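Participant: quick one, structure for this:
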Amino acid sequence: MLDLNFVRENLDIVRNALQTRNFPLEPLDRFSELDETRRRVIGEADNINQLRNTASREIGALMQSGSRDKAEGKKTEVADLKQKQSELESARDEAEAAMRELLSTLPNIPAPDVPVGADESANKEIRRWGDPREFDFEPKDHVELGETLGILDLERAGKISGSRFAILNGAGARLERALVNFMLEVHTTEHGYTETLPPYLVNRQALFGTNQLPKFEEDLFHIKDERGFALIPTAEVPVTNYYAGETLDASELPKRFAAYSMCFRSEAGSYGRDTRGLIRQHQFEKVELVKITVPEESEAEHEKLTLDAERILQLLGLPYRTVVLSTGDMGFGARKTYDLEVWLPSQKTYREISSCSNCGDFQARRMNTRFRRSGGAKPEYVHTLNGSGLAIGRTWIAVLENYQQQDGSILIPEILHPFMSGVEKIG
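Facilitator: So this is what the prediction gives:
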């Protein structure tokens, strides 16, 4: 969430930032109206407080002079002023609450070096790794490969659960598990992350903290009971909220977590997009990377987090590119995002497999997660970062398509052999 005082004092800056994100400006106009109301009632309340103080001194003087009747009249006047002041203070509190409610609907302000643009067409490629394989046959997509090999069953998954669900069998399920174990092993033993296994059900406050609420209510799978639980859309939610409401010591930071989890998304706004196969599922798996750090280190930690995710693709030998997202394509809570896009031969293009975002103090304000420097310094908000390291299903797709052979078999990347109990080929 944006800082209330910053928005109040920098309306033009915030207005321009929202315009670059294609965000409507009406909430800012309403914010200005509420702020004007707040300033007015504070001024009136201050005036009344001065009148009360003056009247109280007069009452004291009248009592000393023996004018008790006049003093009682003044007391009635002070009581009326007190009531009026109470009403004005309530109006002030209501205006401030409405302003904070509006702030909860505003996205983060992009970092200064983020490309300005309306959509993904303005994203900027910053590097590539690996050369797409030249096939001497027409490469198949993962659905045809998986169904022919008997390791992917979409039809029976649809019978059980409906569209956008999948069943992996045999070596397909083993490959999925191998990818999870491989990613966690690399991130925890080489990249310095602490493995954590979070809850898959979270409350509304946690969802608010990582900005899924109120904006993305319809994209969540809600549990229909009085507790208000929802299934997590990403492990970012429970892991980033780990220290919600706490004040950490600066010496403890940064915190780095790697979390495997199932993820659940209704994909309410994406009907008709990527409906074939595993690209866009209601239930999928990820290894999520989360960092909590001091502000001055968040940019460097963002670069490192992105490289950590890239390292997984490199070890798997999967060609990819890294792009920085434009202002119009970034997620709601991000101030800067790098997308990793892996090469898919069947589509002859790069497709997103990870988004690595620096959220600054945006989520920390919503969660009230702070830190304190040494010497009894005033608490400050932490910076939070997150990224997929990687999305398991899309990595599964990329392995099948990039390592397919003419006979329809799949070679297993060498780095995965120990995690596949020595299996080197699916055929």
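
Participant: quick one: low-confidence residue ranges for the stretch 201-350 of the chain.
Facilitator: 268-273, 275 (pLDDT under 70).

Participant: now for Ala17: which residues touch it?
Facilitator: Listed by CB atoms under 8 Å, 6 or more residues apart in numbering, the contact partners of Ala17 are Ile109, Pro110, Thr327. Glycine gets a C-beta too; all of them are placed from N, C-alpha and C.

Participant: and the first one, how far is that from Val186?
Facilitator: Distance from Ile109 to Val186, counting by CB to CB, to the nearest Å: 34 Å.

Participant: can you check the second one too?
Facilitator: Computed with CB to CB, the distance linking Pro110 and Val186 is 31 Å.

Participant: looking at those two, which is more packed in?
Facilitator: Comparing Pro110 with Val186 by neighbour count (other CB atoms under 10 Å), the higher total belongs to Pro110, at 22 against 19.

Participant: ranges for the strands of the stretch 101-250 of the chain?
Facilitator: Secondary structure of the stretch 101-250 of the chain by DSSP state E, counting those that start in this stretch: the strands cover 124-129, 152-153, 167-168, 194-196, 201-202, 230-231, 247-249.

Participant: what is the longest one packed up against?
Facilitator: Contacts of strand 124-129 with other secondary structure elements, assessed using 3 or more CB pairs under 8 Å, 6 or more residues apart in numbering; DSSP states H and E, are made with helix 298-316, strand 320-324.

Participant: Leu201: which of these is closest?
Facilitator: helix 298-316 (26.2 Å; CB to CB).

Participant: contacts for the closest one next, please.
Facilitator: Residues from elsewhere that reach helix 298-316 (CB under 8 Å, 6+ apart): 129-130, 182-183, 186-187, 190-191, 193, 254, 289, 291, 293, 320, 322, 336, 338, 340, 342, 353-354, 356-358, 360, 383, 385, 387-390, 395, 398-399, 413, 415-416.

Participant: quick check on these: which are buried?
Facilitator: For the contacts of helix 298-316, a burial check counting by 16 or more other CB atoms under 10 Å picks out 129-130, 182-183, 186-187, 191, 193, 254, 289, 291, 293, 320, 322, 336, 338, 340, 342, 353-354, 356-358, 360, 383, 385, 387-390, 395, 398-399, 413, 416.

Participant: and Leu34, what element?
Facilitator: Taking DSSP states H and E as the definition, Leu34 sits inside helix 26-65.

Participant: from the buried ones among the contacts of helix 298-316, which land in helices?
Facilitator: Counting by DSSP state H, the buried ones among the contacts of helix 298-316 place Phe182, Met183, Val186, His187, Thr395, Ala398, Val399 in helices.

Participant: closest to Leu34 out of those?
Facilitator: Distances from Leu34 to those, taken by CB to CB, are shortest for His187, at 44.8 Å.

Participant: for the contacts of Ala17, which one is nearest Val143?
Facilitator: Nearest to Val143 among those is Thr327, at 34.9 Å by CB to CB.

Participant: leaving out the residues flanking it, which one is nearest to that closest one?
Facilitator: Excluding the flanking residues, the one nearest Thr327 by CB to CB, 6 or more residues apart in numbering is Thr20, at 3.9 Å.

Participant: so that neighbour touches Gly328, yeah?
Facilitator: Yes: if you go by CB atoms under 8 Å, Thr20 and Gly328 touch, sitting 7.0 Å apart.

Participant: in contact with Asp35, which residues?
Facilitator: Counting by CB under 8 Å, 6+ apart, Asp35 has contacts Arg8, Ala95, Met99.

Participant: just the buried members of these?
Facilitator: Applying 16+ other CB under 10 Å to the contacts of Asp35 flags Ala95, Met99 as buried.

Participant: can I get the contacts of Asp35 in TSV with secondary structure, distance to Glu147 and pLDDT?
Facilitator: Putting the contacts of Asp35 into TSV (DSSP: H, G, I helix; E, B strand; the rest coil; distance: CB to CB, whole Å; pLDDT from 0 to 100) gives the following:
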residue	secondary structure	distance to Glu147	pLDDT
Arg8	helix	58	90
Ala95	helix	60	91
Met99	helix	54	93
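
Participant: out of the contacts of Asp35, which one sits closest to Ser266?
Facilitator: Met99 (30.6 Å).

Participant: for Leu28, see how far away that closest one is.
Facilitator: For Met99, the distance to Leu28 - CB to CB - is 11 Å.

Participant: of all the contacts of Asp35, which comes closest to Ala259?
Facilitator: Of the contacts of Asp35, the one sitting nearest to Ala259 (CB to CB) turns out to be Met99, at 34.5 Å.

Participant: contacting residues for the closest one?
Facilitator: Applying CB under 8 Å, 6+ apart to Met99 gives the contacts Leu4, Phe31, Leu34, Asp35, Arg38.

Participant: show me which of these is closest to Thr247.
Facilitator: For those, the nearest to Thr247 is Leu4 (19.9 Å; CB to CB).

Participant: burial measure for the closest one, as a count.
Facilitator: 16.

Participant: Phe229 against Pro199, yeah?
Facilitator: No: with contact defined as CB under 8 Å, Phe229 does not count as touching Pro199 (9.3 Å).

Participant: name the residue in those two with the higher neighbour count.
Facilitator: Phe229 (19 against 13).

Participant: how near is Asn386 to Ala334?
Facilitator: Using CB to CB, one gets 9 Å for the distance from Asn386 to Ala334.

Participant: who has more neighbours out of the two?
Facilitator: More crowded of Asn386 and Ala334, by other CB under 10 Å: Asn386, with 31 against 25.

Participant: got a list of what Leu11 touches?
Facilitator: Leu28, Phe31, Ser32.

Participant: what's the answer for Phe182, then?
Facilitator: Contact analysis of Phe182 by CB under 8 Å, 6+ apart lists Ile312, Leu315, Ile415, Leu416, Phe419.

Participant: count of residues packed around Arg15?
Facilitator: Look at Arg15: counted by other CB under 10 Å, it has 15 neighbours.

Participant: isn't there a helix covering it?
Facilitator: Yes: assessed with DSSP: H, G, I helix; E, B strand; the rest coil, Arg15 lies in a helix.

Participant: wait, doesn't it sit right on Leu28?
Facilitator: Yes: here Arg15 reaches Leu28: they are 5.7 Å apart, a contact under CB under 8 Å.
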